[in-house]
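Engineer: This is a predicted model, with the sequence first.
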Amino acid sequence: MLTEQIKQLTVWLATATEGVAGLVIAVAVIEAAVRTAFVFVSFAKPADAGASHEAKEDVRLRLGRWLALALEFELGADILRTAVAPTWSEIGQLAAIAAIRTILNYFLQQEIDNAAVRRGTSGSQADVRT
């Protein structure tokens, strides 16, 4: 009986964690859309190409950081679901999903770090103030 309650709680926590990831992605997309619109309006002149490129890069990197955070939440939900997966098939599916998310997060972080190096800032500290 207690085991079933713990399993239900774990499933609920995993679902809530996925919900948080969804909210993070929604906030990220809204912020990126607003910033992109601002970039298009602010840098409409061809003479501002360099500044426009940097502003677009900033939007892209901020979106990437938000998505990396959401992937971490999704991975946490996968770990919770693995704890209560009753069959080897479900465990295998969760492992495959977790591996794909981990690989995506790794390459996303590599892109963020490389862009930060190009801009002369550290990847974990770049644009924290904006």
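Structural biologist: Received it, and whenever you're ready, just let me know what you need.
Engineer: neighbouring contacts of stretch 66-78?
Structural biologist: Contact partners of stretch 66-78, identified using C-beta atoms under 8 Å, 6 or more residues apart in numbering, comprise 14-15, 17-18, 20-22, 24-25, 27-28, 31-32, 94, 97-98, 101-102, 104-105, 108-109, 112. In short, each C-beta sits where N, CA and C put it, glycine included.
Engineer: next one: stretch 17-27
Structural biologist: Contact partners of stretch 17-27, identified using C-beta under 8 Å, 6+ apart, comprise 66, 67, 69, 70, 71, 73, 74, 76, 77, 80.
Engineer: buried ones in it?
Structural biologist: Neighbour counts over stretch 17-27 (16 or more other C-beta atoms under 10 Å) mark 17, 18, 21, 24, 25 as buried.
Engineer: The residue nearest to the first one when sequence neighbours are not counted: which element?
Structural biologist: Right, residue 17. Leaving aside its sequence neighbours, residue 17 sits nearest to residue 77 (C-beta to C-beta, 6 or more residues apart in numbering; 4.0 Å). Secondary structure assigned from DSSP states H and E places residue 77 in helix 49-84.
Engineer: Run the angle between the next helix or strand after that helix and helix 49-84 for me.
Structural biologist: Past helix 49-84, further along toward the C-terminus, the next helix or strand under DSSP H and E is helix 88-119. Counting by axes from the mean of the first three to the mean of the last three C-alpha atoms, to 10 degrees, helix 88-119 lies at 160 degrees to helix 49-84.
Engineer: Before I go, just wanted to say thanks for your time.
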